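Chemist: heads up, no residue letters with this:
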């Protein structure tokens with residue numbers, strides 16, 4: 001019997017900025033709100049389920065306007081299970097947070113956005129991530 005595979009190709013139409021900052025998620029969200037003049041608000045945790053009953057619970061802050069959606073995600077799971085300490089994006093486990101920006105505006109300058117992110121006082125390092133090189137980029141679809 002022939003086997004068929006379903007291949008799904010998602011469109012990743014957002015900017016992903018990886019951030020190193022050794023602070024609590026709510027403090028970074030506050031600093032981003034103040035510096036970038038946005039309104040990140042704590043949203044319910046994002047839950048990703050894996051095999052063997054394992055799951056990730058990712059801390060999530062969200063600012064949504066008519067033409068833009070900005071999300072701050074913590075890279076480590078918020079689970080208290082010590083045996084499964086997983087990351088949202090395991091190949092980028094050196095980064096603490098991710099900013100996911102979906103923007104529909106034609107006048108948006110992503111280089112200025114990344115430069116402004118680097119100047120936030122608690123941010124030690126920030127860089128844009130090429131989504132095509134990530135193996136676990138499907139974890140960002142929710």
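Modeler: Here it is on my side, so go on. Here the structure is a predicted model, which is why all the values come from computation and not from measurement. Numbering: from 1, shown residues only.
Chemist: Low-confidence stretches in the chain?
Modeler: 1, 6-12, 50-53, 79-85, 105-106, 142 (pLDDT under 70).
Chemist: the strands in it, which residues?
Modeler: Secondary structure of the chain by DSSP state E: the strands cover 15-20, 41-49, 55-64, 68-74, 97-103, 125-128.
Chemist: spatially speaking, which residue is in the middle of the protein?
Modeler: Closest residue to the average C-alpha location of the chain: residue 98 at 3.6 Å, with Cα atoms, centre = their mean.
Chemist: who are the neighbours in contact with the spatially closest residue to it that is not a sequence neighbour?
Modeler: Spatial nearest neighbour of residue 98, excluding adjacent residues (Cβ to Cβ, 6 or more residues apart in numbering): residue 73 at 4.7 Å. The way it works is simple: take the backbone N, C-alpha and C, and place the C-beta from them, glycine included. Residue 73 sits next to 46, 58-61, 88, 97-100 when contact means Cβ atoms under 8 Å, 6 or more residues apart in numbering.
Chemist: Is it possible to get TSV of those that adds distance to residue 78?
Modeler: Output for the contacts of residue 73, formatted as TSV (distance: Cβ to Cβ, whole Å):
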residue	distance to residue 78
46	10
58	7
59	5
60	10
61	13
88	11
97	13
98	14
99	18
100	17
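Chemist: Residue 29: which of the residues you listed is nearest?
Modeler: Minimum distance to residue 29 across the contacts of residue 73 is 4.4 Å, recorded for residue 61 (Cβ to Cβ).
Chemist: Pretty sure that closest one sits against residue 41.
Modeler: Yes. Residue 61 lies in contact with residue 41 (Cβ atoms under 8 Å); the separation is 6.5 Å.
Chemist: out of the two, which sits in the busier spot?
Modeler: The neighbour comparison of residue 61 against residue 41 (other Cβ atoms under 10 Å) goes to residue 61, with 24 against 12.
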